[in-house]
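**Q** Fold the stuff below for me.
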Amino acid sequence: MEIALYLLAALLILGGLAGTVLPMLPGIPMIFGGIWLVAAVDGYRHLGLGWLLVIGALGALGVLVDFVAGTLGAKRVGASPRALWGATLGTVVGMFLGIPGLILGPFVGALLGELSAGASVLRSTHVGAGTWLGLLAGTLVKLVISFLMVGLFGLAMLF
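**A** A predicted model of the protein is given here:
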């Protein structure tokens, strides 16, 4: 039974790493779930409460980055409050429309929000692009955090 649980944990961690860049999978929660499963099967000998709290805090930071990255990108380029709301709503709606929705949702939401605030099409496109770049930067940060979580897990298992 232990072997099956370790295999499940490895699949969760690998799937989570893929989910860090594939929007349809909850990557960081899957990684943390796999790490916690290994810790539980191991009887928390190598991975105690301290390690799990640090890895969990990193995971929470990664999830937070995932939710606010597009909005921060829009804010960085001086978007109006309507564009910020549009980016947020576009992200939420995009979650239900698959990969194209997740990629285009925040861009379109910020663009429409900025247009509704009376900005020109060029300015609105600029805000939409800033939103998309924020999402790209957020994905890179999530990827770094994911590898950091796995690296700390590996370090804890060695010592």
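**Q** other SSEs contacting the helix or strand where Leu112 lies?
**A** Leu112 belongs to helix 98-116 when assigned by DSSP states H and E. Helix 98-116 makes packing contacts with helix 49-76, helix 81-94, helix 121-158 when contacts are defined by 3 or more Cβ pairs under 8 Å, 6 or more residues apart in numbering; DSSP states H and E. In this view, the C-beta of every residue, glycine as well, is placed from N, C-alpha and C.
**Q** Buried residues, the last one. List them.
**A** By neighbour count on 16 or more other Cβ atoms under 10 Å, the buried set for helix 121-158 is 123-135, 137-139, 142, 145-146, 148-150, 152-153, 156.
**Q** Mind telling me which residue is nearest the centre of the protein?
**A** Asp66 (3.4 Å; Cα atoms, centre = their mean).
**Q** Quick one: neighbours of the closest residue to Ile28 other than its chain neighbours, just the number.
**A** Leaving aside its sequence neighbours, Ile28 sits nearest to Gly62 (Cβ to Cβ, 6 or more residues apart in numbering; 4.3 Å). Neighbourhood size, Gly62 [other Cβ atoms under 10 Å]: 24.
**Q** next one: the one 10 residues further on
**A** Neighbours of Leu72 under the rule other Cβ under 10 Å: 17.
**Q** for Ala4, same thing?
**A** Applying other Cβ under 10 Å, we find 9 residues neighbouring Ala4.
**Q** Mind telling me what element it is part of?
**A** Using DSSP H and E, Ala4 falls in helix 2-21.
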